[in-house]
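>>> Please find the sequence and the predicted model below.
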Amino acid sequence: MAEAVTRLPGGGGDDGRARPLAVDYLAAAYLAATGILAAASISGAGARLAALHLVGLFALYWVAGRPLPTARWLLFFRLVYPLALTPLLYLELATMNQLHVAGYFDRTVQAWEQFVFRVQLSVDASDWYGGLWFSEVLHFGYLSYYLLIPTATISAYLSRGPRGLERVALTTGLAFFVCYLCFSVFPVAGPRYEFPGITGTPSEGLLFDLVHRILEGGSAKGTAFPSSHVAATVSAWMATGRENRRVFWIMAPFAVSLTLGTVYGRFHYGVDTAAGLLIAAAAFAATPWLMKRLEGIEEVERASLPEFGG
């Protein structure tokens, strides 16, 4: 384990100096971009958000300048902290997305939906098949979002070590932050706010009720397009395929049911989900190139890094 830590890029070279990891660059880029966006609003709320992001950048600079920890659990959090920050950053989006825009772009997205699918998919999906068991399976899939990303990161760490974890964290974090940037400038409320809720048999299940209670208590308005649920989950799932094929196949039915559930449950428009899938694929494809460019290490060197547990 100690050898894997000391040779992980960013943990310090022969000169003993710590260098930032790819996940550090990603987190810094997001905080800087949204901080500038907030400050440019010339408003009290924007100034407060910009100040918080500036504090975050200073904290990140301090963390990135320190050698990687040798304790296994501390190293895990050092590599995965951008993902741990996403729930906190999510909370500010309802304010952030109204700094430069008054209202939401649902009419635009609904027009895209009609053009692509010829129907309002989020409204019609539950009418096409309203079986209680089917509704419960898809709502359970939607709920599995809270388990799939931790599963992806933990399994990558245990099977492929620090480097595997960083690959998964960078892929998933990139998908998250691209979605969050879209929310900040193109707010879309989503079908939950625009259309009547599901009624009848599909709405009678325990999981249906649980999911809707969670969303009523903790969702940020204006964060529908693209679906970060889909983008983050599918990117994490795809990234897991690089590290642990067994866990990839275990995650597969949950990732698929979550993707379908976002539309079936009227949480997202069909085009929200499609855009989330595209972002996930792009993040997965971009990760090897980004790690090479940001950390300045060739793939042949990366492959030779010692990985514990795999």
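Structure's in. What do you need? Numbering: from 1, shown residues only.

>>> Can you get me a residue count around Arg78?
24 (other C-beta atoms under 10 Å). The C-beta positions use only the backbone N, C-alpha and C, and glycine is treated the same way.

>>> ok, it touching Ala64?
No - using C-beta atoms under 8 Å, Arg78 makes no contact with Ala64, being 9.8 Å away.

>>> secondary structure element for Phe284?
helix 270-295 (DSSP states H and E).

>>> whoops, I mixed them up, Tyr81
helix 72-91.

>>> which stretches of the chain have low pLDDT?
1-17, 297-310 (pLDDT under 70).

>>> now the helix ranked longest in it and helix 270-295, what's the angle there?
Secondary structure assigned by DSSP state H gives helix 145-185 as the longest helix of the chain. Between helix 145-185 and helix 270-295, the angle comes out at 90 degrees (axes from the mean of the first three to the mean of the last three C-alpha atoms, to 10 degrees).

>>> Who are the packing partners of helix 145-185?
Applying 3 or more C-beta pairs under 8 Å, 6 or more residues apart in numbering; DSSP states H and E, we find helix 145-185 packed against helix 2-7, helix 22-39, helix 72-91, helix 93-96, helix 228-243, helix 245-264, helix 270-295.

>>> As JSON lines, these with distance to Ser122 would be great.
JSON lines is the format used below for the helices and strands packed on helix 145-185 (distance: least, C-beta to C-beta, whole Å):
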{"stretch": "helix 2-7", "distance to Ser122": "46"}
{"stretch": "helix 22-39", "distance to Ser122": "28"}
{"stretch": "helix 72-91", "distance to Ser122": "21"}
{"stretch": "helix 93-96", "distance to Ser122": "21"}
{"stretch": "helix 228-243", "distance to Ser122": "13"}
{"stretch": "helix 245-264", "distance to Ser122": "5"}
{"stretch": "helix 270-295", "distance to Ser122": "7"}
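
>>> ok, back up a step: show me what secondary structure element comes after the longest helix of the chain.
With DSSP H and E, the next secondary element past helix 145-185 is helix 191-194.

>>> between the helix or strand following that next one and helix 72-91, how many degrees?
Later in the chain than helix 191-194, the nearest helix or strand by DSSP H and E is helix 206-218. Helix 206-218 runs at 70 degrees relative to helix 72-91, counting by the same axes, to 10 degrees.

>>> how about Leu68, secondary structure?
Secondary structure state of Leu68, per DSSP: H, G, I helix; E, B strand; the rest coil, is coil.

>>> Quickly note the distance from it to Trp133.
Distance of Leu68 to Trp133, given as C-beta to C-beta, to the nearest Å: 47 Å.

>>> Between the two, which has more neighbouring residues?
Between Leu68 and Trp133, Leu68 has the larger neighbour count (other C-beta under 10 Å), namely 19 against 10.

>>> you'd agree Ser228 is up against Cys179?
Yes - using C-beta under 8 Å, Ser228 is in contact with Cys179, at 3.8 Å.

>>> re earlier: what residues of the helix holding Tyr81 count as buried?
75-76, 78-83, 85-86, 89-90 (16 or more other C-beta atoms under 10 Å).

>>> quick check, distance from it to the centre of its chain.
12 Å (C-alpha atoms, centre = their mean, to the nearest Å).

>>> go on, stretch 123-132?
That offset, for stretch 123-132, works out to 28 Å (C-alpha atoms, centre = their mean).

>>> Could you do stretch 276-293 as well?
Chain-centre distance of stretch 276-293: 12 Å, with C-alpha atoms, centre = their mean.

>>> cool, stretch 107-116 as well?
That offset, for stretch 107-116, works out to 24 Å (C-alpha atoms, centre = their mean).

>>> can you pull the buried residues of it?
Applying 16+ other C-beta under 10 Å to stretch 107-116 flags 109-110, 112-113 as buried.

>>> and those, which two are the farthest apart?
Gln110 and Trp112 (7.3 Å; C-beta to C-beta).

>>> what residues are shared contacts of those two?
Here Gln110 and Trp112 have Tyr269 as joint contacts, going by C-beta atoms under 8 Å, 6 or more residues apart in numbering.

>>> Can you tell me how far the nearest residue to Val271 once chain neighbours are set aside is from Ala33?
Take Val271 and drop its neighbours on the chain: the residue closest to it by C-beta to C-beta, 6 or more residues apart in numbering is Trp112, 4.9 Å away. As judged by C-beta to C-beta, Trp112 and Ala33 stand 25 Å apart.

>>> and if you look at Tyr269?
25 Å.

>>> Mutual contacts of Ser228 and Cys179, please.
Gly276.

>>> Neighbour count for Tyr269 and Ala33, which is higher?
A count of neighbours by other C-beta under 10 Å puts Tyr269 above the other of Tyr269 and Ala33, at 31 against 15.

>>> Now for that one: which residues touch it?
109-110, 112-113, 120-122, 188, 190-191, 224-225, 263.

>>> Quick check: the gap between it and Pro187.
14 Å.

>>> now do Gln120
19 Å.
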